[in-house]
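1. dropping a prediction and its sequence here:
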Amino acid sequence: MFLSPWRLFAKRTMPTSRQIRRRFRSKPLHCEELEPRCQPTAFIFSTGTPDGRVATIGEPPNTRNSHVEFESADDFALTTETVITHASFTGLLTGGATPKDVSNVVITIYRVFPNDSDVSRTSGPPTFSTPNVPTRVNSPGDNEIENRDSAAKELNFNAHILSASFTAQNSVSDANTIRVKSGGNGPATGEEVEFDVVFRNHPLDLPAGHYFFVPKVGLTDEAPAGADFLWLSAPRPIVPPGIAFPAGITDLQSWMRDDPGLAPDWLRIGTDIIDGNPASTFNASFALSGHTGKPLADDLDPDSALGQLRYQYGFHFVGSYFQSYHNLNAKWFQDRNTTWYALFPDGGLKSWKQVNGQDKFTDVGLLDPSVYANPQLLFQATETLPAAALAQIAQVQQTDGFHYAGSYWQNYLGLNEKWLKDKTGAWFVLTTDGQLRRWLGGAKLDAALAVVDPAVWDQPDLLFGV
């Protein structure tokens, strides 16, 4: 990584026929007193789901890897100034490593060569080769323009295991194979893990341009020997649920390097390293989301805790706080799975269940006492959905055309489900685990058409589009 000078109570069942009034999300983004063309709009980009063709190492320098930095890069394009607030990427934790072995996540952004690069090192046009690489055309630049590290509290991340075992057909996982025509290290198997990243208080504010996204996952000293993070490839060209590049901009293939070692140069993973006849080319599996325009106040707001709790649990008001229950003076509400929770005057939040007729409480967290005074601060907190989830929602919006039908008819089938219609007028239910299932009459439901993020149950209008 090189720095560029270019820069940052008693459990009870609620009435099954209770109708729920439509609740809209937090107020839409807006530019006051600006023309419509200046209004910020949502930005979503995704290369799609992993295709299992190759997995390449991406790790920051640390004591485990002898302070060698490994970078794998794939590109994205912006047609106007854009603030990126969320990202996700999917890869393998190999050698017996699990998400508990992750120490930090680093996200680095490069522009396309020759930006931020010493062109005098190369042969010049047309190939811009060096003694180490056959070309630098369409590679990342020598030097980064942005860097965010969870260890510096510049981003938050969550790691979700998608599969206990996933095998990539080939891999590039050490310095010895980051060279021309090495062929790679062969198949690699590990836990398939999706990392969801929030650039909390440090969004990426980028002008229109062509960029490379570089995720790196650090592992602790206690991680199993030989364990690595390998970023998984995605289809090239991009296919649904991926989102195609803007018209007129070419989707470039993935590159990688080690530092010290190959840096400041880069090699194409498919054309240069894996080689073959014909040579393969790869994308990498990642997604980005945010909005166009300048940063907004919400982008810099540190109130992430309540939003994260709402995203994880889907807390909601059930018509009464039942404060008199057992004289505890707690305020009671449910999560999206109908588990009961009690919020106490000191801000203590506890889950509740009855065991052998006795109340059993489990600590969830300690909130500011102001949330007890006004639990709506929790119920209406801004939920942060992963970029990959937003990309999937965009795909469902486009293909199925779901819309509000006057009521959500919540719990009509006793599943705590919410009801909506697709563009053909067919009824679908949205379950608390994110399944969208067509109603076949009576109590019969078809197999899941799609499975969206469970947080969509909290805000079904996310599916309705603009």
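-> Thanks, I have it. Numbering: from 1, shown residues only.
2. from Phe199, how far out is Leu449?
-> Look at Leu449 and Phe199: by Cβ to Cβ, to the nearest Å, they are 32 Å apart. Every C-beta, even on glycine, is put in place using the N, C-alpha and C of the backbone.
3. please apply the same query to Leu93.
-> Applying Cβ to Cβ to Leu93 and Phe199 gives a distance of 23 Å.
4. cool, and Pro114?
-> The separation that Pro114 has from Phe199, given Cβ to Cβ, amounts to 27 Å.
5. residues near Leu385, how many?
-> The local packing count at Leu385 equals 22, with neighbours defined by other Cβ atoms under 10 Å.
6. which SS state does it fall under?
-> Leu385 falls in the coil class when you classify it by DSSP: H, G, I helix; E, B strand; the rest coil.
7. my guess is it meets Asp453, correct?
-> Yes: under the contact definition of Cβ atoms under 8 Å, Leu385 touches Asp453, with a separation of 5.6 Å.
8. with adjacent residues omitted, what lies nearest to Gly348?
-> Leu366 (5.7 Å; Cβ to Cβ, 6 or more residues apart in numbering).
9. let me see the contact set for that neighbour.
-> Neighbouring residues of Leu366 by Cβ atoms under 8 Å, 6 or more residues apart in numbering: Asp346, Gly347, Gly348, Leu349.
10. buried ones among those residues?
-> Those of the contacts of Leu366 that meet the buried threshold are Gly348, Leu349, by 16 or more other Cβ atoms under 10 Å.
11. show me the strands in the stretch 151-300 of the chain, by range?
-> In order along the chain, the stretch 151-300 of the chain carries the following strands (DSSP state E, counting those that start in this stretch): 156-168, 171-172, 188-198, 204-206, 209-219, 229-234, 255-259, 267-268, 283-284, 286-292.
12. any low-confidence regions in this protein?
-> By pLDDT under 70, the weakly predicted segments of the chain are 1-40, 200, 297-304, 465-466.
13. any idea how it splits into domains?
-> The record, using automatic domain parsing to delimit domains, assigns the chain the ranges 9-35+401-466, 40-298, 304-379.
14. out of the ones you listed, nearest to Ala391?
-> In this view, those are compared for proximity to Ala391 by Cβ to Cβ, and domain 40-298 is the closest at 3.6 Å.
15. so Leu93 and Phe199 - more neighbours on which side?
-> Neighbour count, other Cβ under 10 Å: between Leu93 and Phe199, Leu93 has more, with 26 against 22.
16. could you pull up phi and psi at that one?
-> According to degrees, to the nearest 10, the main-chain angles of Leu93 amount to phi -100, psi 110.
17. give me phi/psi at Pro99?
-> Given degrees, to the nearest 10, the pair of backbone angles that Pro99 has is phi -60, psi -30.
18. ok, and the closest non-adjacent residue to it?
-> Nearest in space to Pro99, with sequence neighbours left out and distances taken as Cβ to Cβ, 6+ apart, is Ala159 at 3.7 Å.
19. do Ala87 as well
-> With Cβ to Cβ, 6+ apart as the criterion, Ala87 has its nearest non-adjacent residue at 4.4 Å, and that residue is Val197.
20. distance of that neighbour from Phe70?
-> Taking Cβ to Cβ, one finds Val197 at 18 Å from Phe70.
21. Thr79: how many residues sit nearby?
-> A count of neighbours around Thr79, defined by other Cβ under 10 Å, yields 14.
22. count of residues packed around the nearest residue to it once chain neighbours are set aside?
-> In space, Thr79 comes closest to Pro246 once its chain neighbours are excluded; the distance is 5.1 Å by Cβ to Cβ, 6+ apart. Other residues near Pro246 number 12, with proximity taken as other Cβ under 10 Å.
23. shared neighbours, Leu385 and Asp453?
-> Common contacts of Leu385 and Asp453, defined by Cβ under 8 Å, 6+ apart, comprise Ile393.
24. so what's the gap between stretch 48-57 and the chain middle?
-> In this view, stretch 48-57 has its centroid 16 Å away from the chain centroid, taken as Cα atoms, centre = their mean, to the nearest Å.
25. can you give me the end-to-end span of it?
-> The separation between the terminal residues of stretch 48-57, taken as Cα to Cα, to the nearest Å, is 19 Å.
26. contacts for it, please.
-> With contacts defined as Cβ under 8 Å, 6+ apart, stretch 48-57 is touched by 70, 72, 90-92, 166-174, 184, 188, 192, 228-235, 238-242, 254, 256, 269-270, 274, 280, 282-285.
27. of the strands of the stretch 151-300 of the chain, which stretch is the most buried?
-> The densest packing among the strands of the stretch 151-300 of the chain, expressed as mean neighbour count by mean count of other Cβ atoms under 10 Å, is seen in strand 229-234 with a mean of 29.
28. from the contact counts, what lies against it?
-> Contacts of strand 229-234 with other secondary structure elements, assessed using 3 or more Cβ pairs under 8 Å, 6 or more residues apart in numbering; DSSP states H and E, are made with strand 55-57, strand 82-94, strand 156-168, strand 188-198, strand 209-219, strand 283-284.
29. so Thr63 touches Ala223, yeah?
-> No: counting by Cβ under 8 Å, Thr63 does not reach Ala223; the two are 11.1 Å apart.
30. compare the two (neighbour count), which wins?
-> When Thr63 is set against Ala223 and neighbours are counted by other Cβ under 10 Å, the residue ahead is Ala223, at 21 against 8.
31. ramachandran coordinates for His326?
-> The phi/psi pair for His326 (degrees, to the nearest 10) reads phi 60, psi 20.
32. burial check on it, number of neighbours?
-> Residue neighbour count, defined by other Cβ under 10 Å, stands at 11 for His326.
33. can I assume it is in contact with Gln354?
-> No: counting by Cβ under 8 Å, His326 sits too far from Gln354 to count as a contact (11.6 Å).
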